[in-house]
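Asker: I would like the atomic coordinates for the input below:
(chains A and B)
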Amino acid sequence: MAKDPVRVLVTGAAGQIGYALVPMIARGVMLGPDQPVILHMLDIEPAAEALTGVRMELVDAAFPLLRDVVATTDVTVACKGVNIAVMVGGFPRKEGMERKDVMSKNVSIYKAQASALEKQAAPDCKVLVVANPANTNALILKEFAPSIPEKNITCLTRLDHNRALGQLSERLKIHVSEVKNVIIWGNHSSTQYPDVNHATVTPANGEEKPVRSVVADDNWLNTEFITRVQQRGAAIIKARKLSSALSAASAACDHIRDWVVGTPKGTWVSMGVYSDGSYGIQPGVIYSYPVTCDKGQWSIVQGLKIDDFSRQKMDATAKELVEEKTLAYSCLN
Amino acid sequence: MQKTSEDDTKHPTFRGVRMRSWGKWVSEIREPRKKSRIWLETYPTAEMAARAHDVGALAIKGCSAYLNFPELAKELPLPASMSPKEIQAATSRAAASTRIINSSFNTEMLSCQWTGGIEAIVARLELPSRLSWFLGRVSRFLALYSMAKDPVRVLVTGAAGQIGYALVPMIARGVMLGPDQPVILHMLDIEPAAEALTGVRMELVDAAFPLLRDVVVTTDVTVACKGVNIAVMVGGFPRKEGMERKDVMSKNVSIYKAQASALEKQAAPDCKVLVVANPANTNALILKEFAPSIPEKNITCLTRLDHNRALGQLSERLKIHVSEVKNVIIWGNHSSTQYPDVNHATVTPANGEEKPVRSVVADDNWLNTEFITMVQQRGAAIIKARKLSSALSAASAACDHIRDWVVGTPKGTWVSMGVYSDGSYGIQPGVIYSYPVTCDKGQWSIVQGLKIDDFSRQKMDATAKELVEEKTLAYSCLN
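Answerer: The predicted model follows:
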C-alpha cells in the first residue's frame, strides 16, 4: 500500500448522495482497492452538524484506505490540494420555483466554487459536476475557472448510461455486464438522447451482436425505452419519495474510475464534456458524448454513423443546452 | 516493495503461497538461478495464488516444476518457447477457454489492482522483460479464470430502511464477499415499505453492478429466505418515544420468532446469520431458539460496529491511522453495558514494533472511563449530530463481520462478534455474548486464554447480567 493518498473533494457531502458516495470512495470503489484516499467534505453552514456526524461515522467505520477526513464549511479549505472534485452540492428545485430561479441560485454557487477550485486545487484536478442542472453548472464552473484545463471539467451522465444498460438487460433478461456501448447524448435532463444504434450484446461464450437485432423491436427502442431512461429519475422519486442517491453515487464512482484507470478495450462510456464541435454539436457547451479513456484522459469516440432520428434528437438536446447557457449568463448580469 | 514480515504466514499445503497480514494471499516463485523470490500478485484466496504459482513454475521450470494442482496442468496452455509471440498465443488460448473473459468489468476491476501491483514489483526485480510480461499476462488470465464462481444469495431484511440502503450497494460491489464473488440480493421489508423497496431495486438495476446477478424483492418472508447463504437481519421494530423497554422487546421477539421459522425452513444449509436490529443480542437469541435446525454457531449479532468505533477512538487519540491499531475487544451486549476492553490491544506503526495500547496511550484513567463511555454512547452521539442513527458505519461493520467470518481474520488479529456463549470466560452459556474471535475456513473460534483483571471481570459480568435479564424479559413476552 505504498501509494500516496489522493485527495477527493465531495461538495454537498452532508446530503443523501454524499452519504452514499463517501463510503464508496473510502472503500476504493472510485480509485481502486490499493489507492489510499483523503476525503474533503464540504457543505453549507446549516448542515455543519450533520457533516460532523458523517465524519464521525467515517471514523467509526475504520476504513483501511481512508487516510484522513477534512470536514468544512469553508470552500477554500475544502478545495486545497484536491486531485478530484465531485460537486454534488447545489440548490435543489423546490415547489413553486421557476426554472430561472433554480438556475440563478446554482450559477452563483458554481461561479464562487470555480474561483476557489482554480486557486486551491492540485494541478490537473479532475472535476465531476453532479448537481443539477449538471451540464450548465459544469459550464459555469469552466467559464470561471479558466486555469483549469477545459478537458478536466465534466458532468455526470453515467447514471443515465447505466440506467440505459439496466433497461436493456431487464428487457433481454440478461446480465447487465453482457450489454455495452449505449450512448447518452446531450443534456442530463429530459431531453437526453439514449442511443442504442451502436450498442451490442455479448453473451458469455457468444458472439457480439447489435442490440437492435437482439431486441428486435425498433419501436420500443425508439419510444418507450428512451422515455424510460429520460424519466427514470422521476420514477425513483415516486417510489422512494427521495431522489436517487445510491445509483447516482455509484455512477459518480464509475465515471471517475474509468476516467482515471481507463475504459476496457472495446468499450466506451458516456461523459458530459466540453464540446469541440464533434458530431455537429456547437462548441461551447458541456455535452454528453461517447468517450473512451486512457492514461487519465478522455477522447470522444469519432466516426459513428448518425441517422436522421438520432440527428434530430441530438440537436434538440443541444438546443436546450444553448438556451440554458443563455439563461445562466443572463442570471449573472 | 513489500517485505516479508513476521505477520506473513506460509500456507500449510500450497507451495509458493503466503498470507499477508491483512488477509490477502500472495503467490511467489523462486527467481531463476537465484535465492530470491518473485512476488507474482495478491489474490483474495489461497487457491488462486496457488494456481498463479503453478503457471509461473511451469513457465520457469517446465516439466520439473512442482505444482500445487498437477491435475490442472494440462489445462494451462504453455508457450512453446519464451518468445513473445508464443507467450501471447498461449495466454490467448488460455483466455479463450474461460467463460468470463468478455466481461468488461472484470477486466477493469482487475486493472485497478494491477496499478502498483505486479508491474511495479516485477519491474523492480529487473526480470528479463519477456518473463515479467508473461507472468503479468498469465496471472491476469488466472484471476479471470478464477472468477467463475457461483453466486452467493444474501438476504437483507429491513432493506428499505437507512441501513439497508447503505448496505446493499456495498454488498453489490463486493465489499462483503470479495471483488470476485457474484451475489444475488434478497431484500425483505414490510408491506408499508413495499414501494420504497421497489425503488431500491430500481436503483440497483440502474447502478449496473457487474457482481449483482439478480435481485429478489419481496414482503413475503418465505420467498425472501429461500436458498439464502447469508442473512443480515436489519429489520426490527425501532424504539419510539414513550415506548417502554418491554414494548420494544415484545414487538421484536415476535418478529424474530416468525423469521426464525422461515429461515430454518427456507435457507440454504450452513446459512450464516448476522442480526443487526436492536436489541441485537436478544433478537439473535430468539432467532436461535426458534430455528433449532440452524447450527447455533451460525447465528451471530453485530458488535463489530462497536469494535470499529473503539479502534477509531484510539486512532484519533493517538493521531495514527486506524489500520495501525488492533485487537480491542467488545465484551457482552450491544448496548450501553458493552465493555470495550483495550487490555490486549496493540499499536503497530509502519516499520515499527508492536506495543500494547495501554503503554502507548499512557493514560489508564482515560482508557478506563472516558474511552469506554465514548464507545458505549457513540450511537447516541451520531444521532445527535445527524438527527438519524448510524447507517453508513453500521452497514460497513456488517460487511466487515461477514467478510472476516467467511474469508478469515488476518493472522495475529481478532475481531468482536456476538456469538452463542459456551461458558468461555465464565459467562453463562445460553446467551449471545460478544467475544474476541478469530475466523478460519468459515468458522469463528473464541480467543481463549486472555488474562482478565478485576476491573474487566466486573464489567464483563455486568453486561452478562443484563443479557440474562433481557432473555427473561423476552421469554415472558412470548408467554
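Asker: isn't A:R55 right next to A:V69, touching?
Answerer: Yes - with contact defined as C-beta atoms under 8 Å, A:R55 reaches A:V69; the gap is 5.2 Å. (C-beta placed from N, C-alpha, C; glycine too.)
Asker: anything in contact with each of the two?
Answerer: Common contact partners of A:R55 and A:V69 (C-beta atoms under 8 Å, 6 or more residues apart in numbering or on different chains): A:M41.
Asker: which residue is nearest the middle of chain A?
Answerer: Central residue of chain A (C-alpha atoms, centre = their mean): A:L156, 1.4 Å from the mean position.
Asker: how close does the closest residue to B:Y66 other than its chain neighbours get to A:G18?
Answerer: In space, and not counting its chain neighbours, B:Y66 is closest to B:R15: 5.7 Å by C-beta to C-beta, 6 or more residues apart in numbering or on different chains. Between B:R15 and A:G18 the distance, using C-beta to C-beta, to the nearest Å, works out to 48 Å.
Asker: now B:L311
Answerer: Computed as C-beta to C-beta, the B:L311 to A:G18 distance reads 24 Å.
Asker: So for B:R15 and A:G18, which sits in the more crowded spot?
Answerer: Ranked by neighbour count (other C-beta atoms under 10 Å in any protein chain shown), B:R15 and A:G18 place A:G18 first, with 25 against 17.
Asker: Kindly list the longest helix within the chain.
Answerer: Since no chain was named, I'll use chain A. helix A:308-332 (DSSP state H).
Asker: Hmm, no, I was thinking of chain B.
Answerer: Ranked by residue count under DSSP H, the longest helix found in chain B is helix B:454-478.
Asker: Name the residues of that helix that are buried.
Answerer: B:456, B:459-461, B:463-464, B:466-467, B:470-471, B:473-474, B:477 (16 or more other C-beta atoms under 10 Å in any protein chain shown).
Asker: Now for those residues: which two are most distant?
Answerer: Farthest-apart pair in these is B:S456 and B:C477; separation 31.7 Å (C-beta to C-beta).
Asker: any residue of stretch A:17-30 up close to chain B?
Answerer: Yes - contact of stretch A:17-30 with chain B is found when judged by C-beta under 8 Å from any C-beta of the partner chain, involving A:Y19, A:A20, A:V22, A:P23, A:M24, A:R27, A:G28, A:V29.
Asker: immediately after the one helix or strand the first one maps to, which helix or strand?
Answerer: Element membership of A:Y19 [criterion: DSSP states H and E] is helix A:16-26. Toward the C-terminal end, the helix or strand that comes next after helix A:16-26 (DSSP H and E) is strand A:37-42.
Asker: so how far is the next helix or strand after that following strand off the chain centroid?
Answerer: Once the chain leaves strand A:37-42, the next helix or strand it forms, by DSSP H and E, is helix A:48-60. Centroid separation for helix A:48-60 versus its chain: 25 Å, with C-alpha atoms, centre = their mean, to the nearest Å.
Asker: now do stretch A:81-94
Answerer: Averaged C-alpha coordinates place stretch A:81-94 at 11 Å from its chain's average position (C-alpha atoms, centre = their mean).
Asker: Could I have the CA atoms of that stretch written out in CSV?
Answerer: Provided in CSV are the C-alpha atoms of stretch A:81-94 (Å, rounded to 0.1, in the frame of the first residue of the first chain):
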residue,chain,number,x,y,z
GLY,A,81,-4.8,20.4,-2.8
VAL,A,82,-7.6,18.2,-4.2
ASN,A,83,-6.9,15.9,-7.1
ILE,A,84,-10.5,15.0,-7.7
ALA,A,85,-13.6,17.1,-7.1
VAL,A,86,-17.1,15.7,-7.1
MET,A,87,-19.6,18.6,-7.0
VAL,A,88,-22.8,17.2,-5.5
GLY,A,89,-23.8,20.4,-3.7
GLY,A,90,-26.3,22.7,-5.4
PHE,A,91,-29.6,24.4,-4.8
PRO,A,92,-32.4,21.9,-5.3
ARG,A,93,-35.6,22.9,-7.1
LYS,A,94,-38.4,23.5,-4.6
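Asker: pLDDT averaged over it - what is it?
Answerer: Mean pLDDT, stretch A:81-94: 93.
Asker: Ok, stretch B:217-235 next?
Answerer: Mean predicted lDDT for stretch B:217-235 stands at 98.
Asker: now stretch B:199-207
Answerer: The average pLDDT within stretch B:199-207 is 98.
Asker: Please verify my assumption that A:A14 contacts A:L51.
Answerer: Yes - here A:A14 lies in contact with A:L51, judged by C-beta under 8 Å, at a distance of 4.3 Å.
Asker: what is in contact with these two at once?
Answerer: In contact with both A:A14 and A:L51: A:M41, A:D43, using C-beta under 8 Å, 6+ apart.
Asker: These two: which is more packed in?
Answerer: Per other C-beta under 10 Å, whichever of A:A14 and A:L51 has more neighbours is A:A14, with 27 against 24.
Asker: Can you list the low-confidence ranges for chain A?
Answerer: Applying pLDDT under 70 to chain A flags the ranges A:1-2.
Asker: check contacts around the residue nearest the centre of chain B.
Answerer: Taking C-alpha atoms, centre = their mean, the centroid of chain B lies closest to B:R403, which sits 1.5 Å from it. Each residue near B:R403 by C-beta under 8 Å, 6+ apart is listed here: B:V175, B:M176, B:L177, B:G178.
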